[in-house]
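Undergrad: Sequence plus the predicted model coming up.
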Amino acid sequence: MTPNLQPVGVGWIEVITGCMFSGKTEELIRRLRRAQYARQRVVVFKPGIDARYAEDSVGSHSGQRMRSFQIERAVEIPTLVGEAQVVGIDEAQFLGPDLVGVVEELANQGRRVIVAGLDMDYQGRPFEPLPQLLAVSEYITKNLAICMVCGNPADRSQRIVDRDARFLVGETDAYEARCRRCWDPNNFTPRQERLALGENLSES
Ligand code: ZN
């Protein structure tokens, strides 16, 4: 949760995490826009490997542009951040362990840092550097999605194509949100095929 009592004169770190389809990026953008409405200087970073976003794609309806950078590595952030008071970072799981020190440095400089990223990979393993970021952050929001099989709250990213890479960049079609019960990292069968096979998914 973000604080009711807003810190004054210090920076802090907020982490927005959860599985795929849990609305992490939407929540990040909502917080950044709200800061922008207050005329705070906002900048947002995304890993360049995420092809879903065009450069400078984050604009607000009020016509204000949010400064947006695609980066390859976390260490680029300090050189680009300028005088921003609020720093957003999306898809943090692609930025590696260096991100932790970078984010701490930004917060120590008095900035509000908001980081969004996946907390688990498709095998349910903690996805670095999110565990480390959760440890050093002041505020944590864990979003849940809705299980595509049974409709329960979902915290897992189910891969539905049989491939080994730790993450399939930009391939949201290759995943479904699943709850703990319906998630199985070794069964790539998508919901539709399971339904076609006659499974009664609501009772499974
Ligand atoms: Zn389920």
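TA: Nice, thanks for sending it over. The shown structure was predicted, so the numbers you read here are calculated from the model rather than taken from an experiment.
Undergrad: What is the neighbour count of Leu195?
TA: 12 (other C-beta atoms under 10 Å). Just so you know, the C-beta spots here come from the backbone N, C-alpha and C atoms, and that holds for glycine as well.
Undergrad: sorry, that was for Gln40
TA: Gln40: 13 neighbours (other C-beta under 10 Å).
Undergrad: for the closest residue to it other than its chain neighbours, what are its contacts?
TA: Nearest residue to Gln40, sequence neighbours excluded (C-beta to C-beta, 6 or more residues apart in numbering): Gln85, at 4.7 Å. Neighbouring residues of Gln85 by C-beta atoms under 8 Å, 6 or more residues apart in numbering: 35, 40-42, 111-112.
Undergrad: How about Arg73?
TA: So Arg73 contacts 95-96, 98 (C-beta under 8 Å, 6+ apart).
Undergrad: Show me which of these is closest to the ion.
TA: Nearest to the ion, judged by C-beta to the ion, of those is Leu95 at 30.2 Å.
Undergrad: And Gly110, how far from Gly11?
TA: 4 Å (C-beta to C-beta, to the nearest Å).
Undergrad: Same drill for those two, tell me which one is more crowded.
TA: Between Gly110 and Gly11, counted using other C-beta under 10 Å, Gly11 has the larger neighbour count: 20 against 12.
Undergrad: Any idea which helix or strand in this protein has the lowest mean pLDDT?
TA: The weakest-scoring helix or strand in the chain, judged by mean pLDDT, DSSP states H and E, is helix 191-196 (a mean of 79).
Undergrad: And that one, how far out from the chain middle?
TA: 28 Å (C-alpha atoms, centre = their mean, to the nearest Å).
Undergrad: buried residues in it?
TA: Neighbour-count burial for helix 191-196, counted by 16 or more other C-beta atoms under 10 Å, picks out 191, 194.
Undergrad: Output it as CSV, nothing but the C-alphas.
TA: Taking Å, rounded to 0.1, in the frame of the first residue of the first chain, the C-alpha atoms of helix 191-196 are listed here in CSV:
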residue,chain,number,x,y,z
ARG,A,191,-7.6,-23.7,-21.1
GLN,A,192,-9.4,-23.9,-24.4
GLU,A,193,-7.9,-27.3,-25.2
ARG,A,194,-8.7,-28.6,-21.8
LEU,A,195,-12.3,-27.6,-22.3
ALA,A,196,-12.3,-29.2,-25.7
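Undergrad: Could you restrict the contacts of Arg73 to the ones contacting the ion?
TA: Taking C-beta under 5 Å from the ion as the test, the ion is in contact with none of the contacts of Arg73.
Undergrad: hmm, which of those residues are the buried ones?
TA: Leu95.
Undergrad: same for the least confident helix or strand of the chain, what does it pack against?
TA: When contacts are defined as 3 or more C-beta pairs under 8 Å, 6 or more residues apart in numbering; DSSP states H and E, helix 191-196 packs onto no helix or strand at all.
Undergrad: Tell me if that helix is near the ion.
TA: No - if you take C-beta under 5 Å from the ion as the test, helix 191-196 misses the ion, and the best it gets is 9.8 Å.
Undergrad: Tell me which strands the helix or strand harbouring Val87 pairs with, and in which orientation.
TA: In the assignment (DSSP states H and E), Val87 maps to strand 86-89. In the sheet, strand 86-89 lines up against strand 42-47 (parallel), strand 112-118 (parallel) (DSSP bridges).
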